[in-house]
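Asks: Kindly return the folded structure for what I paste below:
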Amino acid sequence: MADNRDEIYSKSLRAGRRTYFFDVRSTRADDYYLTITESKRDFNEDGTPFYKKHKIYLYKEDFQNFKDHLNEMVDYIINERGEEVISIHKDENFSEPKQEESKEKSSTDFTEVNFEDLGKENQ
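Replies: The predicted structure is shown next:
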């Protein structure tokens, strides 16, 4: 028998390095609630990828207030700054904070992998 808190309905939204997962789940009392998970790809110092995850549990009794606040905040942002994404690269007066040299990665700091060679190793 499946766990009664299994996912009932799911959708995902890819947004650059982030993916948002919206999952309807079932409580022990067989009611539904929503989880929203942000998953962001990042890299360890040795270059291996890992995912940072943040999760919100949203229950039915909070849906209306959550929707009202979310809509208010989205409307505020759109009214104040418009729908165009303002990139830090567009602002000539903006200077990014300096990072420690050991954490900086240039586009040439990578290991080249030939996928054809990978298949030969398993033969």
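Asks: going forward, measure contacts and count neighbours with C-alpha atoms only.
Replies: Noted.
Asks: where along the protein do the strands fall?
Replies: 7-15, 18-26, 32-43, 49-59 (DSSP state E).
Asks: most packed of those?
Replies: strand 18-26 (a mean of 18; mean count of other C-alpha atoms under 10 Å).
Asks: re earlier: nearest to G82, out of the strands of the chain?
Replies: Closest to G82 of those is strand 7-15 (C-alpha to C-alpha; 19.1 Å).
Asks: Columns distance to M73 on top of the strands of the chain, output as a markdown table?
Replies: What follows is the strands of the chain, written out as a markdown table (distance: least, C-alpha to C-alpha, whole Å):
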| stretch | distance to M73 |
| --- | --- |
| strand 7-15 | 19 |
| strand 18-26 | 19 |
| strand 32-43 | 18 |
| strand 49-59 | 17 |
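Asks: Redo these as JSON lines? Include distance to D68 and mean pLDDT.
Replies: Converted to JSON lines, the strands of the chain look like this (distance: least, C-alpha to C-alpha, whole Å; pLDDT from 0 to 100):
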{"stretch": "strand 7-15", "distance to D68": "21", "mean pLDDT": "94"}
{"stretch": "strand 18-26", "distance to D68": "18", "mean pLDDT": "96"}
{"stretch": "strand 32-43", "distance to D68": "16", "mean pLDDT": "95"}
{"stretch": "strand 49-59", "distance to D68": "14", "mean pLDDT": "95"}
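Asks: These: which one's closest to I86?
Replies: Going by C-alpha to C-alpha, the one of these nearest I86 is strand 7-15, 15.8 Å.
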